[in-house]
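Asks: Everything below, folded, please.
(one chain, ligands or ions: 1)
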Amino acid sequence: MGTRLIWLFLMWCIAICAIAEDGHDAWLRYARLHEATAKQFQSLPKLVVTLGDSPPIGSAQTELKRGLARMLGREIRASKQTPTQDFILLGVRDQIEEMFANLHVPELAPDGFWLDWTEVGGHKALVIAGGSDRGPLYGTFALLGKIARGENLETLDEVQNPAAPLRWINQWDNLDGTIERGYAGPSIFFENGSVRADLTRAREYARLLASVGLNGCVVNNVNADPRILDDAFIPQLARIADAFRPYGVKLGVSVNLSMPKTVGGLDTFDPLDPRVQAWWAHKFDALYRAIPDFGGVVVKADSEGQLGPSAYGRTPVDAANVIARALRPHHGVVFYRAFVYNHHLDWKDPKADRARAAYDIFHPLDGRFDDNVIVQIKNGPIDFQVREPASPLFGGVKQTSKAIELQITQEYLGQQRHTVYLAPMWKQTLDFDMHVDGHDTPVKSLLRGVVGVANVGMDANWLANHLAMANLYSFGRLAWDSNLSAEAIVDEWMRLTFGNDPEVVQKVREIQMESWPAYEHYTGPLGLQTLTNITGPHYGPAPESQERNGWGQWIRAEHDGVGMDRSVSTGTGFVGQYSAEAQKQFETAAATPDELLLFFHHVPYTYKLHGGKTVIQAIYDFHYEGAAQANEFVNTWETLERKIDPDRYQAVLAQLSYQADHAIVWRDAINDWCLRTSGISDAQDRVGHHPDRIEAESMHLEGYTAVELTSWEGASGGKAVACPKERTSCAVETSINTDGTYDIAVQYFDLNGGVARFELFVNDQRVATWKADRQLPGKDLSADSSVREHINGISMNRGDHLRIVGTPNGGDPAAIDYIEIQPHAN
Ligand code: GCV
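Replies: Okay, here's the model as predicted:
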């Protein structure tokens, strides 16, 4: 290499390698701005005057200094004195007006802020004023975001007030450090039954939450461990509250209604028993003595095995109000979850319908909840599926405070192994018009709270998927301003996360915006819901698991047709829970939008959608289109290789590549299952026909035995081959009948019980070797554990032998589904 080349290489390395990142800073990277962009901020004052000394105001000042130093290389000085030069003014509205009599700050909601240039005593001042001490912190983050995106500050004059006063996160963390439906490592709060000794990550999390305007966080699972309020545990909770306080994030906990009995020493937890009422009151008095700014609690009761008021013939009102009254003197709130349903429903009863449960239970109680009770309602009537209509309960309890519960952790949506940008889905619910009393009442206009189940973990980048962080960001932004578009939010997030290069912005936006439709298409389109294994890990395809059990996530796929009839005229009557205006959209199949058709109606597979396609053909086509889209995400991402730091580039590439492969597993499983159920072939002859595929069970087997999967659709042809435990290795072999250069895909299974090894040979030459060392959900051979290895550009001649040797290990039998051989794509 010539000197010039070496020099160029070094410069490239300095530019790219030096900024290698693990995603820990998320959207708060404060990356150094290019000189030209930085220039426009030259006139920013070099002094910050801070009024008041509450923790959030202190954090605002620290953040401002940190952000400006990192992005602009500018050191700013802090002062509390009357300034004698241009300055940035940080403070609460009343204090600002007190100190600067001529400065009039507009009316602000408690958490609202005002950003404005003004003149004070002959000096230019950039004012960051808040309605409360959280406001200046939120305003500071907003200002720093604008600078990071290179926006013009010259004409800054902006008042922002949050859409809902309660903007909370729920974490489903268990005290042992595991997280229910968490996919990013252990809890940042708990380990081994206690609060972690080192709460650095908890403090950093609070900073992230505050940066998007979130002001509360419940730290433990809604399936609450009763020890959470033990006297000995309260000082530990106080340490978490200390970590949150600098960022204005209030601590909340989940409580279990049975606590007065299970840990409180009473013989009852009946909410109407005065001893129970006294128990809660004493408990919260003690809690508030330790944590005076404690926010409140969330309650899951009479749901999925959690005890509740029904044990004593009482109602959610009785239960919620008892806790609310114990919290009232301290200004705490109760989020009472409407996720209450019977999971032993009779699937043979055509009128039974889990979707009805929340409305049936809570609608009659409207107006009877105390005003510090907020009924927390999941966005849809079932459970965070890939598409559901808005829960009718948002319009069904008019005199009750309501919060929407959205799920950031991707329980049914690929568990962060798939990228699915959720803001477009959330927007559909927030914008859905409930037509309460005949007026325009989108869900977003009915909310006092917005709650997001995040389940971040100790993984460096919080959600274990760089692109999934757009969901945490957009949750906060929508909680703050539900009118923002999903596209505008992802654009903001993009620039803060990966920089302002227009090509990067455009391409990542494209991937994110197409990711929800793609996921819906290769999983459960037309309102089928996700079709994951609902009695297992909620991950890969297992459509049969929806049916014929008490969980009520039925799709009623029979030989003659598919879908749940929820109409008033012939079905379960669920449609009748909406206002008359909204009912018109769903009561008949003809009126129902295609994307929700099968959620509301049972129709023949040959029923024609609005576009003219039959239901069954649309199902087949959507699955092929969705899988192709997922593959396209990989291609799009690959064009950005030189523009993104290598660590994040490689991590996202690996994630998107896995997703593209797993989308094929989804496509084939659902299509094969629908073909078998309906008996109607794919008009394009793709489903069940894979000319490039050789099933492992049809190859020459040495030691391997053919096995059937419990959910047959999880393997191509319903079967795989597995190597028995007693063998050290097994092999499959086939011969090649044309000459050429090929791309080979080996579809195999990767179980967690051990690390199996595979070797691929052409005749005697080993051309590839790999390990089955992923940690995937599920315990058995199934679509959850089905993965693909690609070996590209292999030259072979007619008569050559292709052989795979599998070496089992522990509980992993080195199982193989099929191989696919295609001409090499350049
Ligand atoms: C915390 C679903 C999840 C459960 C979760 C429950 C809930 O059923 O699978 O893990 O429990 O929702 O929201 O309470």
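
Asks: How much space separates the residue positioned nearest the centre of the chain from residue 598?
Replies: Nearest to the mean C-alpha position of the chain, counting by C-alpha atoms, centre = their mean, stands residue 408 at 2.5 Å. Distance from residue 408 to residue 598, counting by C-beta to C-beta, to the nearest Å: 26 Å. Yep, even glycine has a C-beta here, placed from its N, CA and C like the rest.

Asks: The residue nearest to the centre of the chain contacts residue 475, correct?
Replies: Yes: Residue 408 is within contact range of residue 475, at 5.3 Å (criterion: C-beta atoms under 8 Å).

Asks: any common contacting residues for these two?
Replies: Shared contacts of residue 408 and residue 475 (C-beta atoms under 8 Å, 6 or more residues apart in numbering): 422, 452, 454.

Asks: What sits closest to the first one if chain neighbours are left out?
Replies: Excluding the flanking residues, the one nearest residue 422 by C-beta to C-beta, 6 or more residues apart in numbering is residue 471, at 4.8 Å.

Asks: Over to residue 789?
Replies: Nearest residue to residue 789 in three dimensions, chain neighbours excluded: residue 746, at 4.6 Å (C-beta to C-beta, 6+ apart).

Asks: Secondary structure class of residue 791, three-state.
Replies: When classified by DSSP: H, G, I helix; E, B strand; the rest coil, residue 791 comes out as strand.

Asks: residues in contact with residue 541?
Replies: Counted by C-beta under 8 Å, 6+ apart, residue 541 has contacts 523, 531-533, 665-666, 669-670, 673, 711, 713-714, 783.

Asks: what packs against the strand or helix carrying residue 806?
Replies: Using DSSP states H and E, residue 806 sits in strand 801-807. Packed against strand 801-807 by the contact rule (3 or more C-beta pairs under 8 Å, 6 or more residues apart in numbering; DSSP states H and E) you find strand 730-735, strand 740-749, strand 756-762, strand 816-823.

Asks: and after the host helix or strand of residue 237, which helix or strand comes next?
Replies: Assigned by DSSP H and E, residue 237 belongs to helix 234-244. For helix 234-244, the following helix or strand on the C-terminal side (DSSP H and E) is strand 250-255.

Asks: Turn the helices and strands packed on strand 801-807 into TSV, columns for distance to residue 680 and mean neighbour count.
Replies: Formatted as TSV, the helices and strands packed on strand 801-807 follow (distance: least, C-beta to C-beta, whole Å; neighbours: other C-beta atoms under 10 Å):
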stretch	distance to residue 680	mean neighbour count
strand 730-735	32	18
strand 740-749	26	20
strand 756-762	37	20
strand 816-823	24	21
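
Asks: Could you say which one of those strands comes nearest to residue 426?
Replies: Of all the helices and strands packed on strand 801-807, strand 740-749 sits nearest to residue 426, with 34.2 Å by C-beta to C-beta.

Asks: Quick check: mean pLDDT of that closest one?
Replies: The pLDDT scores in strand 740-749 average 98.

Asks: contacts for that strand?
Replies: 665, 716, 720, 758, 760, 772, 781-782, 785-796, 802, 804, 806, 813-825.

Asks: Ok, stretch 192-206 next?
Replies: With contact meaning C-beta under 8 Å, 6+ apart, stretch 192-206 is reached by 24, 175-177, 187-190, 217, 227, 233, 236-237, 239-240, 242-244, 246-247, 249, 456, 458, 462.

Asks: Not counting residues beside it along the chain, what's closest to residue 755?
Replies: Residue 755 sits nearest to residue 773 (C-beta to C-beta, 6+ apart), 4.7 Å away.

Asks: Hmm, that neighbour is touching residue 752, no?
Replies: No: the pair residue 773 and residue 752 fails to qualify as a contact (C-beta under 8 Å) at a distance of 9.6 Å.

Asks: These two: which has the busier surroundings?
Replies: Neighbour tally, residue 773 and residue 752, criterion other C-beta atoms under 10 Å: the higher count belongs to residue 752, 17 against 13.

Asks: Tell me the spacing between the more buried one and residue 813.
Replies: 12 Å.

Asks: ok, now which ones touch residue 51?
Replies: Shown in contact with residue 51 (C-beta under 8 Å, 6+ apart): 57, 80, 89, 90, 91, 92, 95, 96, 99.

Asks: residues touching the first one, list them.
Replies: In this case it means residue 57. Contact analysis of residue 57 by C-beta under 8 Å, 6+ apart lists 50, 51, 90, 91, 92, 133, 136, 137.

Asks: so what pLDDT did it get?
Replies: pLDDT recorded at residue 57 is 97.

Asks: how near is it to residue 220?
Replies: Taken as C-beta to C-beta, the span from residue 57 to residue 220 is 29 Å.

Asks: Quickly find the element holding the residue nearest to residue 422.
Replies: Element membership for residue 471, per DSSP H and E: helix 469-480.

Asks: Residue 361 now?
Replies: Applying DSSP H and E, one finds residue 361 within helix 357-362.

Asks: Mind listing residues that contact that helix?
Replies: Residues from elsewhere that reach helix 357-362 (C-beta under 8 Å, 6+ apart): 316, 338-342, 375, 377-378, 381, 391-393, 396-397, 400, 577.

Asks: Swap in 10 Å and give it another go.
Replies: With contact meaning C-beta atoms under 10 Å, 6 or more residues apart in numbering, helix 357-362 is reached by 302-303, 310, 315-317, 336-343, 345, 353, 369, 375, 377-378, 381-382, 391-397, 400, 402, 552, 573-574, 576-578.

Asks: Mind checking which of those are buried?
Replies: The neighbour-count test (16 or more other C-beta atoms under 10 Å) marks 302-303, 315-317, 336-341, 345, 353, 369, 375, 377-378, 381-382, 391-397, 400, 402, 552, 573-574, 576-578 as buried among these.
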